[in-house]
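Student: take this sequence and fold it.
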Amino acid sequence: MTQGLTAAGMRVAVILPCYNEEAAIGATVAGFRAALPDAAIFVFDNNSSDQTAARAAEAGAIVRRETMQGKGHVVRRMFADIEADVYVMADGDATYDAAAAPAMIERLVDEHLDMVVGARASEVEAAYRRGHRFGNLVLTGILARLFGRTFSDILSGYRVFSRRFVKSFPILSAGFEIETEISVHALELRMPVSEIVTQYGARPAGSASKLSTYSDGLRILRTIMTLFRLERPVLFFGSIGALLGAIAVILAVPLMITYAHTGLVPRLPTAILATGLVIVAFLCFFTGLILDTVVRGRREVRRLAYLALPSVAG
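Tutor: The predicted structure is shown next:
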């Protein structure tokens, strides 16, 4: 499938994952068609039970289907199937500002970046509920604490990618935690990225959010911790080892004092427990060191795969 060409001769593809967005997908496609008239617009329908696919086709989008349920599965399929130089990803709920797409693409191309995130700004309470806003702040803070740097809106679904990013990203997520995985992937490979503040609007009448503040928040938090374990094994297992070592010391100090005064160890089970904790602590430290070697090798392979592809300006 040939994507639309921009004035600079680059192929731009707008990719929209959708699930039951009958009320909003037509306006979403129309918005991106007006903002990017030369781009090809793809709607990937994820087992919708309404007329999402029909409405998208009526609006002029190229409709494809992904039967594995979950946004992560849809994004994996989109990244694998669509060939373009620049990818604009957004949700099909008409909440993201399509008019901001040209500026995001311009930033990507002019600064030779691999991703530009549309950080959401909204003055409408219905568009960005307090629970979601607070959860986003908490999760963003955790990500910054664990990985050293982050974006101001790690959960934004509005992003512009280079081909180099899309074709080198091994997606593992199944659901809405995909945005977190994308952010961590960019941070870990130290890719050139940027953010642009974009407006975030309320859903149109008849359109309902698929997000669950608590269950999806817990899934994203679990994803962050899993990525922390995979990408920072020394710190992850070292922290566990340090905690166990500290507990062992707390248990052992009274025994050592008693032994120094009497030459006896009256609480043998406590002594055995302290010894076992020390052994497990050392195992955690060495596990972290061994896995760090594996992670470094895996990161080098990912980096080489990423560098093997041409940049957006290449």
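
Student: going forward, measure contacts between C-alpha atoms and count neighbours the same way
Tutor: Noted.

Student: which residues of the chain score low on pLDDT?
Tutor: 1-8, 122-136, 149-150, 203-214, 216-217, 312-314 (pLDDT under 70).

Student: need phi/psi at P17.
Tutor: phi -70, psi 140 (degrees, to the nearest 10).

Student: cool, and the one 5 residues further on?
Tutor: In terms of degrees, to the nearest 10, the main-chain angles of E22 are phi -50, psi -40.

Student: what's the distance between it and A57?
Tutor: Counting by Cα to Cα, to the nearest Å, the gap from E22 to A57 is 11 Å.

Student: comparing the two, which residue is more hemmed in?
Tutor: Neighbours of E22 and A57, each counted by other Cα atoms under 10 Å, are more numerous for E22; the result is 22 against 17.

Student: now do the contacts for that one.
Tutor: 50-53, 55, 207 (Cα atoms under 8 Å, 6 or more residues apart in numbering).

Student: scan the residues you listed and report the most crowded one.
Tutor: A53 (28 neighbours).

Student: how about the residue nearest the centre of the chain, what does it touch?
Tutor: Central residue of the chain (Cα atoms, centre = their mean): T180, 2.0 Å from the mean position. Residues counted as contacts of T180 (Cα under 8 Å, 6+ apart) are 154-155, 220, 223-224.

Student: ok, H185 - how many residues close by?
Tutor: So H185, with other Cα under 10 Å, has 21 neighbours.

Student: typo on my end, A308
Tutor: 11.

Student: one more: T262?
Tutor: 10.

Student: what distance do you get for it to L255?
Tutor: Taken as Cα to Cα, the span from T262 to L255 is 10 Å.

Student: cool, E22 as well?
Tutor: E22 is 69 Å from L255, by Cα to Cα.

Student: determine the longest helix present in this structure.
Tutor: Taking DSSP state H as the criterion, the chain has its longest helix at helix 268-307.

Student: who are the packing partners of that one?
Tutor: Counting contacts by 3 or more Cα pairs under 8 Å, 6 or more residues apart in numbering; DSSP states H and E, helix 268-307 packs against helix 163-166, helix 213-231, helix 233-262.

Student: what's the angle between it and helix 233-262?
Tutor: 160 degrees (axes from the mean of the first three to the mean of the last three Cα atoms, to 10 degrees).

Student: could I get the buried residue list for helix 268-307?
Tutor: Buried residues in helix 268-307, counted by 16 or more other Cα atoms under 10 Å: 271, 274-275, 277-278, 280-282, 284-289, 291-292, 295, 299, 302-303, 306.

Student: quick one, that helix and helix 213-231 angle?
Tutor: 90 degrees.

Student: isn't G31 right up against A99?
Tutor: Yes: if you go by Cα atoms under 8 Å, G31 and A99 touch, sitting 7.2 Å apart.

Student: specify the local secondary structure of V63.
Tutor: strand (DSSP: H, G, I helix; E, B strand; the rest coil).

Student: and for it, the neighbour number?
Tutor: V63: 17 surrounding residues under other Cα under 10 Å.

Student: quick one, what contacts it?
Tutor: 42-45, 53, 56-57.

Student: most distant residue from the centre of the protein?
Tutor: Most peripheral residue of the chain (Cα atoms, centre = their mean): T262, 58.5 Å.

Student: quick check: the gap between that residue and P254.
Tutor: 12 Å.

Student: just N47 next, same as before
Tutor: 63 Å.

Student: more neighbours, the two?
Tutor: A count of neighbours by other Cα under 10 Å puts N47 above the other of N47 and P254, at 17 against 13.

Student: excluding its backbone neighbours, what's nearest the more buried one?
Tutor: Spatial nearest neighbour of N47, excluding adjacent residues (Cα to Cα, 6 or more residues apart in numbering): T67 at 5.9 Å.
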